[in-house]
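> Coordinates only, no sequence provided:
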């Protein structure tokens, strides 16, 4: 296990090549100071590891699992079937496929086995969703999320002001249009 001796979020993926996508979730967790772990847990190549990871996760103190998978993308659903923790699935696009196969594999779970699913390659939002889940019971995380949201709002307002200035300058430079 990597990242922390007392993780509360697990970031797992079917292959180390998935980390190019899943790194965004790790960055979000790091930015917010959330203890986490990162593991390769393949539903197909290491099924015994997957079973023990899912069944032991809550007992080890994890509160949320982010699971990235490409192709057949069984990892998020299989893990969700073996734990009561919230599982967030990240469809990972493969080199030869656009990720729709992964998205459909993750989002089409049978009743009783929920997996929250983000967009194809949407690991950043998976990290933020994990924070929202944690923030429901942790006011410090909720406050950090509120500050993050305000920073997004402020950034949009700055971009809008810059755009309005550009449009006005363009109108002055070319009054015929």
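Arrived safely. The shown structure was predicted, so the numbers you read here are calculated from the model rather than taken from an experiment.
> so how far is residue 147 from residue 153?
According to CB to CB, to the nearest Å, residue 153 and residue 147 sit 11 Å apart. (Glycine included, C-beta is placed from N, CA and C.)
> hmm, I was thinking of residue 119
24 Å.
> What of residue 106?
Distance, residue 106 to residue 147, using CB to CB: 30 Å.
> more neighbours, the two?
Each of residue 106 and residue 147 has its neighbours counted (other CB atoms under 10 Å); residue 106 has more, 28 against 10.
> give me the element the more buried one is part of.
Assigned by DSSP states H and E, residue 106 falls within helix 100-107.
> Tell me the buried residues in that helix?
101, 102, 103, 105, 106, 107 (16 or more other CB atoms under 10 Å).
> Looking at those, which one is closest to residue 74?
residue 105 (6.8 Å; CB to CB).
> excluding its backbone neighbours, what's nearest that closest one?
The shortest distance from residue 105 to any non-neighbouring residue, by CB to CB, 6 or more residues apart in numbering, is to residue 73 (3.7 Å).
> for that neighbour, what are its contacts?
14, 89, 91, 92, 101, 102, 103, 105, 106 (CB atoms under 8 Å, 6 or more residues apart in numbering).
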